[in-house]
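J.: only geometry, no sequence info:
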């Protein structure tokens, strides 16, 4: 088993050390060996190294400090623009201005992203995945000048680690795996599967800091609220429309 | 660089050899080290080994033979059901019946999928990614008994390789990477970036077999048509509604 996968940690503090361009290009090229739908490779990667550009991206990521501090920020996009242009220049009528094509392209982009992360970590780099990328896609689209049929779906910060965080807990394997068909969760199985997570001192601290009764309430009331999710869902559809993936 | 990533091929023919349950579990458990949004791990994996279940899944994948022939088929799902159940049992009000939450969960599922694929290939297994999973999600949901807030986003077949296919072409790195901001493609850049792909004898054969003038037409007129994409987009939204991710 690949040791760097087994022991991976998200890295949020980076050394003041650039990534050699050849290394970055090798990692990106090797990551592009990932399988994509119909080998269409309907994704693109925007590489941000310039301090001014990082400063412009930062607010879209709620000013998380690693956006400005990491030597490299990658924004990986679902991209049916390049493929459609190719079709147009080859006397073919592209039919990719629809939601299914967005999902196909987002899938390509996300599989590429994880392939890159694994290679980068194995090469001694640290990465942090920023889920914020789909919260404020319009700001990112504007900053990176993304045309129609291009939509950002993943952002990662990359650099040499300047911290050694503890390994973070995961649910036991039986929580995520179902044999042959889905077996729904009862109160009893939920109690058992979440027992370890709920027993951790850092999570007790998390509950206290947020003045909540349970860890779940920290998620529903503070971190991932219905109100925010509903607002961002609407915004996501607006942006899909703006980028030409839905009518 | 990880050699198995550099030299990866999709594998569609498998030996009649089972995968040891301990190996499969180790691969799944290690793959679950992948980063997920807020460490919520909002994905599930359905493991299909039973011949009857494979036969039921096959039509949803247009009866591609590897579904019945591979020892293991994995269907990886966006899953906010488990997390929402946990919230309900902990006096917290889940707010995840919306599209943004679907995207978050689909992202978790796809990053997990690629992490698993890399580990499996490095362990000597072969995999094939089936894009068909999102073409007929309803059939898969019914077969695997997926409840609301669970949606299949990736299917892979897994087994020991019984073929050694050639390495498949990829676009040059400059086709997919943009420095600082997106530079749109001109006819000249498209000509250059697609020249190698278009020069390949297997692609000339592909054009002839399909009675087309250009390779792009094989994609637009035969493999990924506007009509199919539009039909499947509508179906995707219906299924998102059925599974509770949109109103």
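T.: Now that the structure is in, tell me what you want to look at. Small disclaimer: the values here were computed from a predicted structure and weren't measured. Residues are numbered from 1 along each chain as shown, chains lettered A, B, ... in the order given.

J.: before we move on, what SS does the residue of chain A most remote from its centre have?
T.: Taking C-alpha atoms, centre = their mean, the residue of chain A most remote from its mean C-alpha position is residue A:91, at 35.3 Å. At residue A:91, secondary structure determined by DSSP: H, G, I helix; E, B strand; the rest coil is coil.

J.: next, the contact list for it, please.
T.: By C-beta atoms under 8 Å, 6 or more residues apart in numbering or on different chains, the residues touching residue A:91 are B:213, B:214, B:216, B:217. Yep, even glycine has a C-beta here, placed from its N, CA and C like the rest.

J.: kindly recompute the last result at 6 Å.
T.: Neighbour list for residue A:91: residue B:214 [criterion: C-beta atoms under 6 Å, 6 or more residues apart in numbering or on different chains].

J.: got it, and the one 10 residues further on?
T.: If a contact means C-beta under 6 Å, 6+ apart, then residue A:101 has A:80, B:229 as its contacts.

J.: just the element for it, please.
T.: In this assignment (DSSP states H and E), residue A:101 forms part of helix A:99-122.

J.: so what touches whichever helix or strand comes after that helix?
T.: Later in the chain than helix A:99-122, the nearest helix or strand by DSSP H and E is strand A:126-130. Contacting residues not belonging to strand A:126-130 are listed as A:10-12, A:61, A:66, A:117, A:120, A:155-158, A:161, B:35 [C-beta under 6 Å, 6+ apart].

J.: in space, what's closest to residue A:107 - neighbours in sequence excluded?
T.: Distances taken as C-beta to C-beta, 6 or more residues apart in numbering or on different chains place residue B:110 nearest to residue A:107, at 6.0 Å, with adjacent residues excluded.

J.: centroid residue for chain A?
T.: residue A:154 (3.7 Å).

J.: hmm, back to that, distance from the chain centre to the helix holding residue A:101, please.
T.: Put simply, helix A:99-122 sits 9 Å off its chain's centre (C-alpha atoms, centre = their mean, to the nearest Å).

J.: hey, where'd the strands end up in chain A?
T.: Under the criterion DSSP state E, chain A contains strands at A:43-48, A:72-79, A:126-130, A:150-159, A:177-179.

J.: pull up the pairing partners for the shortest one, direction included.
T.: In other words, strand A:177-179. strand B:43-48 (parallel) (DSSP bridges).

J.: what separates the strand it pairs with from the chain centre, distance-wise?
T.: Taking C-alpha atoms, centre = their mean, one finds the center of strand B:43-48 at 13 Å from the center of the full chain.

J.: next, the angle strand B:150-159 makes with it.
T.: For strand B:43-48 against strand B:150-159, the angle by axes from the mean of the first three to the mean of the last three C-alpha atoms, to 10 degrees is 50 degrees.

J.: what is the mean pLDDT for strand B:43-48?
T.: The average pLDDT for strand B:43-48 rounds to 98.

J.: can you tell me what sits against that strand?
T.: So strand B:43-48 is contacted by A:176-179, B:54, B:73-77, B:79, B:108-109, B:112, B:144 (C-beta under 6 Å, 6+ apart).

J.: can you tell me which two in the residues you listed are farthest apart?
T.: B:54 and B:108 (25.4 Å; C-beta to C-beta).

J.: show me which of the two is the more surrounded one.
T.: Using other C-beta atoms under 10 Å in any protein chain shown, the more surrounded residue of residue B:54 and residue B:108 is residue B:108, with 29 against 21.

J.: how about that one, what does it touch?
T.: Residue B:108 neighbours (C-beta under 6 Å, 6+ apart): B:36, B:42, B:43.

J.: how close does the closest residue in space to the second one that isn't next to it in sequence sit to chain A?
T.: Looking back up the chat, that one is residue B:42. In space, and not counting its chain neighbours, residue B:42 is closest to residue B:105: 4.1 Å by C-beta to C-beta, 6+ apart. The spacing between residue B:105 and chain A, counted by C-beta to the nearest C-beta, to the nearest Å, is 11 Å.

J.: for residue B:105, what are its contacts?
T.: Residue B:105 makes contact with B:42, B:78, B:80 under the criterion C-beta under 6 Å, 6+ apart.

J.: just to revisit the earlier point, what is the orientation angle of the helix holding residue A:101 with strand A:72-79?
T.: For helix A:99-122 against strand A:72-79, the angle by the same axes, to 10 degrees is 150 degrees.

J.: report the angle between helix A:99-122 and strand B:126-130.
T.: Interaxial angle, helix A:99-122 versus strand B:126-130 (the same axes, to 10 degrees): 150 degrees.

J.: quick one: the helices in chain A?
T.: Along chain A, the segments classed as helices by DSSP state H run A:3-6, A:21-31, A:51-57, A:66-69, A:81-89, A:99-122, A:137-144, A:173-176, A:187-199, A:201-209, A:215-217, A:226-242.

J.: among those, show me which one is buried the most.
T.: Mean neighbour count (mean count of other C-beta atoms under 10 Å in any protein chain shown) peaks for helix A:99-122 among the helices of chain A, with a mean of 25.

J.: the bottom helix or strand of chain A by mean pLDDT?
T.: helix A:3-6 (a mean of 92; mean pLDDT, DSSP states H and E).

J.: packing partners of it?
T.: Here helix A:3-6 touches no other helix or strand, going by 3 or more C-beta pairs under 6 Å, 6 or more residues apart in numbering or on different chains; DSSP states H and E.

J.: most surrounded residue in the contacts of strand A:126-130?
T.: Neighbours here mean other C-beta under 10 Å. Within the contacts of strand A:126-130, the largest count is held by residue A:117, at 30 neighbours.

J.: from the contacts of strand A:126-130, which single one is nearest residue A:230?
T.: Among those, residue A:61 lies closest to residue A:230 (C-beta to C-beta), at 20.8 Å.
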